[in-house]
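Q: no sequence for this one, just the structure:
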DNA sequence: TAACAAACCATTGACGTCCATCAAATCCCA
DNA sequence: TGGGATTTGATGGACGTCAATGGTTTGTTA
């Protein structure tokens, strides 16, 4: 499996460190990340939500792709670069699979004692647990309505039905 | 990693010196810069912003590339050369990873006590911290709007589209 | 010789690395 | 199938290293 799926909730310790869920680490390693050596995960404040987006090399390449079409040294490119590269932090993963979240990122997502990791396929997000619970409720509502529109015969929507599949520990 | 990414804020000391963030130095060294020896970073006032542009060999080559298309000894080339090269300063990096900013550059960017280094991929910028905070907000706004223009059909923008909803299962 | 700049050195605090502990899930064998 | 052993992942803490920063000395030039 090479996608981020499921949700997990881990603690932030006194030094601001938090363990990345093991399944996510496995995906990152397959994505070209070498634990312990130089490199790390790319992390930035999500645009539309009080959360952090994060991912590995694949995510970095997508960001590059957004800028690839723009001419060098145009104002437009500079402006986009500020938002895309300027907001990104490269977080190193230590030997125990942990990252430490800088203050700036933590405050954007309102993270204090716990972090909920949410798999989104190519990337994952980090949420303050209570906030994510709300968001999740809204999302379920939405899925419910969407299914009604498409009709019950749709196999894909029944795919979204399974719950209790989360691996949240602790 | 061979690109300038993230933002860092460092102090200017009484003698006008400021440390270049270690990750940026690493990029510069990989780019062909040898700390301590002859050479330095290329730095010039940004054309459209109260900030300084800076970079290493790769940046210099890109500037060369802009001129390459024009015929030798043409007036056009001469003028563009002056515009591009005329304001460039080569700043030496001392043994501790610091540069000292000449008064001309400092005043263009309004730098007094602190400098915010902003990674933009092939180059980085130096900003007065408060001014950068504004610029960053604008940039995020713009990305926000750009995404809406592209719409969900765009592969790249759909990547940035999620607000967490699609990852919410169970 | 005074003024300035550049190299050198020293301190401090943050961060990365390493180690120990604990809980949960799995495996193995009776 | 049940219980104990083993493995893996999460968490907390100690320690060493490096980056940022401030200061001092040396060299150079007018």
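A: In hand now; what should we look at? What you see is a predicted model, and the numbers here were worked out from it, not measured in a lab. Residues are numbered from 1 along each chain as shown, chains lettered A, B, ... in the order given.
Q: give me every residue in chain A lying close to DNA strand D.
A: Contact residues, chain A versus DNA strand D (CB under 7 Å from any atom of the strand): A:8, A:10-11, A:13-15, A:18-22, A:25, A:96-98, A:169-170. (Glycine included, C-beta is placed from N, CA and C.)
Q: of those residues, which belong to strands?
A: A:8, A:10, A:11, A:18, A:19, A:98 (DSSP state E).
Q: among these, name the buried ones.
A: Applying 16 or more other CB atoms under 10 Å in any protein chain shown to those, the neighbour count classes A:8, A:10, A:18, A:19, A:98 as buried.
Q: quick check, the first one in contact with residue A:124.
A: No. With contact defined as CB atoms under 8 Å, residue A:8 does not count as touching residue A:124 (9.4 Å).
Q: shared neighbours, those two?
A: Common neighbours of residue A:8 and residue A:124 (criterion: CB atoms under 8 Å, 6 or more residues apart in numbering or on different chains): A:24, A:117.
Q: what's the burial count for residue A:117?
A: Residue A:117 has 26 neighbouring residues, counting by other CB atoms under 10 Å in any protein chain shown.
Q: and it, what element?
A: Applying DSSP states H and E as the criterion places residue A:117 in strand A:114-119.
Q: state the mean pLDDT of that strand.
A: If you average the pLDDT over strand A:114-119, you get 96.
Q: what angle do it and strand A:7-11 make?
A: If you take axes from the mean of the first three to the mean of the last three CA atoms, to 10 degrees, strand A:114-119 sits at 150 degrees to strand A:7-11.
Q: list the contacts for residue A:101?
A: A:12, A:16, A:17, A:18, A:52, A:91, A:111, A:115, A:126.
Q: switch the cut-off to 10 Å
A: Counting by CB atoms under 10 Å, 6 or more residues apart in numbering or on different chains, residue A:101 makes contact with A:12, A:16-18, A:43, A:52, A:89, A:91, A:107, A:109, A:111, A:115, A:126.
Q: for DNA strand C, tell me which of the residues you listed show up nearby.
A: Answer for the contacts of residue A:101 near DNA strand C (CB under 7 Å from any atom of the strand): residue A:16.
Q: so what's the residue count around residue A:108?
A: Neighbours of residue A:108 (other CB under 10 Å): 16.
Q: quickly find the element holding it.
A: helix A:103-109.
Q: is that helix anywhere near chain B?
A: Yes. Interface with chain B: helix A:103-109 contributes residue A:104 (CB under 10 Å from any CB of the partner chain).
Q: what's the answer for stretch A:9-29, then?
A: No. On the criterion CB under 10 Å from any CB, stretch A:9-29 is out of touch with chain B, staying 12.2 Å away.
Q: and what of stretch A:116-136?
A: Yes. Applying CB under 10 Å from any CB, one finds stretch A:116-136 touching chain B at A:117-125, A:127, A:131-133, A:135-136.
Q: dump the ones in strands among the residues of chain A next to DNA strand D to JSON lines, plus pLDDT and distance to residue A:72.
A: Below are these laid out as JSON lines (pLDDT from 0 to 100; distance: CB to CB, whole Å):
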{"residue": "A:8", "pLDDT": "96", "distance to residue A:72": "41"}
{"residue": "A:10", "pLDDT": "97", "distance to residue A:72": "41"}
{"residue": "A:11", "pLDDT": "96", "distance to residue A:72": "44"}
{"residue": "A:18", "pLDDT": "97", "distance to residue A:72": "38"}
{"residue": "A:19", "pLDDT": "96", "distance to residue A:72": "40"}
{"residue": "A:98", "pLDDT": "95", "distance to residue A:72": "38"}
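Q: need the strands for chain A, in chain order.
A: Using DSSP E, the strands assigned to chain A run over residues A:7-11, A:17-19, A:41-45, A:52-55, A:89-91, A:98-100, A:114-119, A:124-127.
Q: partners of the fourth one in the sheet?
A: Pointing back at strand A:52-55 there. Looking at strand A:52-55 with DSSP bridges, its partner strands are strand A:41-45 (antiparallel), strand A:124-127 (antiparallel).
Q: tell me the residues of chain A that contact DNA strand C?
A: Residues of chain A found near DNA strand C (CB under 7 Å from any atom of the strand) are A:15, A:16, A:36, A:92, A:94, A:95, A:96, A:100, A:102, A:169.
Q: just those now: which is nearest chain B?
A: The nearest member of these to chain B, counting by CB to the nearest CB, is residue A:102 at 9.4 Å.
Q: surely the closest one and residue A:16 touch.
A: Yes. Counting by CB atoms under 10 Å, residue A:16 is a contact partner of residue A:102 at 7.8 Å.
Q: list the contacts of the nearest residue to residue A:86 once chain neighbours are set aside.
A: Excluding its sequence neighbours, the residue lying closest to residue A:86 (CB to CB, 6 or more residues apart in numbering or on different chains) is residue B:118, at 4.7 Å. By CB under 10 Å, 6+ apart, the residues touching residue B:118 are A:78, A:81-82, A:85-87, B:4-9, B:51, B:124-127, B:132, B:135-136.
Q: now the buried members of these.
A: Buried, going by 16+ other CB under 10 Å: A:78, A:81-82, A:85-87, B:4-8, B:51, B:124-127, B:132, B:135-136, out of these.
Q: what is the nearest of the residues of chain A next to DNA strand C to residue A:142?
A: residue A:169 (27.4 Å; CB to CB).
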